[in-house]
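Student: Give me coordinates for this.
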Amino acid sequence: MGQQPVVEVTGARESAKIFGCVEVYDATFIYDSDEVFNGLTYVSFLDTRMAPAFYRPGRNVIYIHDNASYHKEQEVEEWFVANQKWLEVRPLPAYSPEFNAAEPLWHYTRVHGTHNRCFISRQEIFDALDRVFRNIQRHPESISGYLRPFQ
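Tutor: Okay, here's the model as predicted:
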């Protein structure tokens with residue numbers, strides 16, 4: 001008779017804090033990680049990742065984001081006001097992840113990077129996420145089907 005396998009676990013639950021943004025028409029995807037989500041780290045993401053990826057002189061960008069508490073912090077509001085010549089910000093309705101184009105990408109990431117996998121260290125988690133995200137960036141067609149409902 002067989003025995004039930006025993007899988008040792010640490011009992012620790014780790015998570016990764018990832019900011020992400022996707023252009024729904026061409027599937028351009030950008031991301032960054034941080035230790036915490038707050039107004040300062042979000043502004044840093046907007047400044048160093050989002051703006052360089054999407055700002056083009058003479059082009060207006062409609063930026064849709066959810067209602068995370070740090071999206072409403074003063075430094076974030078000030079950043080949006082300072083960039084309103086090229087950026088129109090539209091928050092999603094409260095409790096409506098089905099309208100958030102980034103949500104299917106998080107699902108894709110879990111399926112292709114973290115689902116049913118055991119990670120020994122936090123670095124292994126980030127390595128797996130980075131591998132999935134870089135693959136999305138190299139092959140945006142891999143996520144274009146997820147974005148069709150938002151076009």
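Student: going forward, measure contacts and count neighbours with C-alpha atoms only.
Tutor: OK.
Student: Which pLDDT value does the model give residue 9?
Tutor: As predicted, residue 9 sits at a pLDDT of 67.
Student: Check the one 10 residues further on too.
Tutor: In this model, residue 19 is scored at 96, pLDDT.
Student: Any idea how many residues pack against residue 22?
Tutor: 19 (other CA atoms under 10 Å).
Student: quick one, phi psi at it?
Tutor: Backbone torsions for residue 22, taken as degrees, to the nearest 10, come to phi -130, psi 140.
Student: Specify the beta-bridge partners of the most centrally placed residue in the chain.
Tutor: For the chain, the residue sitting closest to the mean C-alpha position, by CA atoms, centre = their mean, is residue 20 at 2.4 Å. Per DSSP bridges, the residues bridged to residue 20 are residue 31.
Student: That one against residue 30, yeah?
Tutor: Yes. Applying CA atoms under 8 Å, one finds residue 20 in contact with residue 30, separated by 5.7 Å.
Student: on that earlier part again, for the residue nearest to the centre of the chain, what are its contacts?
Tutor: Applying CA atoms under 8 Å, 6 or more residues apart in numbering, we find residue 20 in contact with 29-32, 102.
Student: at 10 Å instead, please
Tutor: Neighbour list for residue 20: 29-33, 45-46, 49-50, 102-103, 105-106, 133 [criterion: CA atoms under 10 Å, 6 or more residues apart in numbering].
Student: One more: residue 35?
Tutor: Taking CA under 10 Å, 6+ apart, one finds 15-18, 41 in contact with residue 35.
Student: Rebuild those residues as CSV, extending it with distance to residue 62, secondary structure and neighbour count.
Tutor: Formatted as CSV, those follow (distance: CA to CA, whole Å; DSSP: H, G, I helix; E, B strand; the rest coil; neighbours: other CA atoms under 10 Å):
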residue, distance to residue 62, secondary structure, neighbour count
15, 30, coil, 10
16, 27, coil, 14
17, 24, strand, 12
18, 21, strand, 16
41, 21, helix, 18
